[in-house]
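Novice: just need the structure, nothing else, for what follows:
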Amino acid sequence: MRESKQNIVIISSSKNRKIQTDLAALDAHVVRPEEYEDAPEWTEKEFSEAVRHIGGVPVKRGRPKSEAPKKAVNLRLSPDVLDYFRGTGPGWQTRIDQVLRKAAGLK
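Specialist: Down below sits the predicted model:
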């Protein structure tokens, strides 16, 4: 439950304790270097599990989900064909897909 009187916000917890917070003062506070001493160091695990927020909204990690995800298959190719495409550098599997799509008359 939240009640607001000017900049003071009262937050009621499940234990029926009321906490008064001046959100404007909280937002205006600038953390000083000596205040960092109170905060414990984050571990690698904590960093990996942290959720990044922008404007109070969590940001999803990784690339967006594709509308038409590709499927993994086993495909036997001639060594010279494989060497050719691998020799073109990163993205060689995508280039094979493009050649096959063109040969099949797709997009």
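Novice: can you list the domains in the protein?
Specialist: Per the record, the chain has its domains at 2-51, 73-107, by automatic domain parsing.
Novice: against Asp97, how distant is Arg52?
Specialist: 32 Å (CB to CB, to the nearest Å). In this view, the C-beta of every residue, glycine as well, is placed from N, C-alpha and C.
Novice: so these two - more neighbours on which side?
Specialist: Neighbour count, other CB atoms under 10 Å: between Arg52 and Asp97, Asp97 has more, with 12 against 9.
Novice: in space, what's closest to the more buried one - neighbours in sequence excluded?
Specialist: Lys70 (7.4 Å; CB to CB, 6 or more residues apart in numbering).
Novice: that neighbour - how many residues pack around it?
Specialist: 9.
Novice: quick one: it is in a strand?
Specialist: No - checked against DSSP: H, G, I helix; E, B strand; the rest coil, Lys70 lies outside a strand; its state is coil.
Novice: test my guess that it contacts Thr94.
Specialist: No - in terms of CB atoms under 8 Å, Lys70 does not count as a neighbour of Thr94; the distance is 9.1 Å.
Novice: got the contact list for Gln93?
Specialist: By CB atoms under 8 Å, 6 or more residues apart in numbering, the contact set of Gln93 is Phe85.
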